[in-house]
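**Q** Make a model of this:
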Amino acid sequence: MLKSPVTETQITHGDRLWLYLVVGLVMIFLVVPCILVIPMSFSAGEYLEFPPRELSLRWYRAFLGSPEWLGALWTSIKVAVPVTLIATALGTAAAWGMHRRYGPVFSLTRGLYMLPMLVPLILIAVGVFFVYAKIGLNGTLAGLIIAHSMLALPFVLVAVGNGLTSFDMDQHKVARSLGASEFVAFFTVTLPQIRISILSGAVFAFVTSFDEVVIALYISSGENETLTRRMFSNIRDQVDPTVAAVSSLLVGVVIISMALFLVLRKEDA
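**A** Alright, predicted model coming up:
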């Protein structure tokens, strides 16, 4: 594994050892905080502590038995699902349109689509709050769906755009030359070949909406309070391990979703 190079230009695993070490340290830095929250969620104490002195399912029962927590979870789902559908449809259409056009106008258009990923989220939240205050969308599901769709759209655009770079456009052109309309050619020839990229964009859109908290702090309230906003309020006001239990469940959902996505991708390949 760490053998000498066969040729002068070959790079061995020994040469890459420093890179493996850096990647390993970065992985530990990113993963350990997510792992630590899981044993903390099984604590029987009144406060967050690691390691827990006693193990209990107390805080999972508190979450599942709380109308406030379950109501916030249901709100997040009611927002994330339509956001996924809207952002995936619009992002796919935008990626397809910009993939087939070149020039400064379309480069500028792509840059505008990417702005929600580049502008600090707090600035977007403040701007959305003041716009919604004038049109009466603060505290509504529709307002959350529109704002989260704006945030999720760039992720779909990037994912689908990357998929289109490896797509052979000649196949689409052949379908068009044989009499298929643009709509039919896209859905029968192009879409089946980039469906994994579209699925990736949809997953990113759902996670973006479900995990978003900054905009939710400004425009989500009352019956339309999202799960992440309630988690933030819990940390600020009470700091009990219920938030650790919720975080552990969310980590589990993300892991299962990614595992299913990888399985589907492997079967597709």
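
**Q** Low-confidence stretches in this structure?
**A** Within the chain, the ranges that satisfy pLDDT under 70 run 1-15, 45, 47, 49, 101-103, 106, 237-239, 261, 264-269.

**Q** Does anything pack onto the longest helix belonging to the chain? Which helices or strands?
**A** What stands out as the longest helix in the chain, according to DSSP state H, is helix 67-99. Under the contact criterion of 3 or more C-beta pairs under 8 Å, 6 or more residues apart in numbering; DSSP states H and E, helix 67-99 touches helix 58-64, helix 104-118, helix 141-165, helix 191-211, helix 227-237. Every C-beta, even on glycine, is put in place using the N, C-alpha and C of the backbone.

**Q** Which of the ones you listed sits closest to residue 176?
**A** With C-beta to C-beta, the closest approach to residue 176 among the helices and strands packed on helix 67-99 belongs to helix 191-211: 14.5 Å.

**Q** Buried residues, that closest one. List them.
**A** Neighbour-count burial for helix 191-211 flags 194, 197-210 (criterion: 16 or more other C-beta atoms under 10 Å).

**Q** which ones are touching residue 60?
**A** The neighbours of residue 60, taking C-beta atoms under 8 Å, 6 or more residues apart in numbering as the test, are 41, 245, 249.

**Q** Would you mind measuring from it to residue 99?
**A** In this view, residue 60 and residue 99 are 46 Å apart by C-beta to C-beta, to the nearest Å.

**Q** gap between the closest residue to residue 208 other than its chain neighbours and residue 159?
**A** Residue nearest to residue 208 in three dimensions, not counting chain neighbours: residue 152, with 4.4 Å by C-beta to C-beta, 6 or more residues apart in numbering. Distance, residue 152 to residue 159, using C-beta to C-beta: 11 Å.

**Q** Give me the more crowded residue out of those two.
**A** residue 152 (28 against 25; other C-beta atoms under 10 Å).

**Q** and the gap between that one and residue 246?
**A** Taking C-beta to C-beta, one finds residue 152 at 22 Å from residue 246.

**Q** so which of the buried residues of helix 191-211 would you say is closest to residue 142?
**A** Distances from residue 142 to the buried residues of helix 191-211, taken by C-beta to C-beta, are shortest for residue 209, at 13.7 Å.

**Q** Wait, the closest one touches residue 150, no?
**A** No: in this structure, residue 209 is not within contact of residue 150 by C-beta atoms under 8 Å, at 10.4 Å.

**Q** measure the nearest residue to residue 88 once chain neighbours are set aside to residue 195 for me?
**A** Using C-beta to C-beta, 6+ apart and skipping the chain neighbours, the partner closest in space to residue 88 is residue 202 (4.5 Å). Going from residue 202 to residue 195 by C-beta to C-beta gives 10 Å.

**Q** on that earlier part again, to residue 171, which of the helices and strands packed on helix 67-99 lies closest?
**A** Of all these, it is helix 191-211 that lies closest to residue 171, at 7.8 Å by C-beta to C-beta.

**Q** Next, count neighbours for the closest residue in space to residue 109 that isn't next to it in sequence.
**A** Distance criterion C-beta to C-beta, 6+ apart; nearest residue to residue 109, sequence neighbours excluded, is residue 98 at 6.6 Å. Close neighbours of residue 98, defined as other C-beta under 10 Å, add up to 18.
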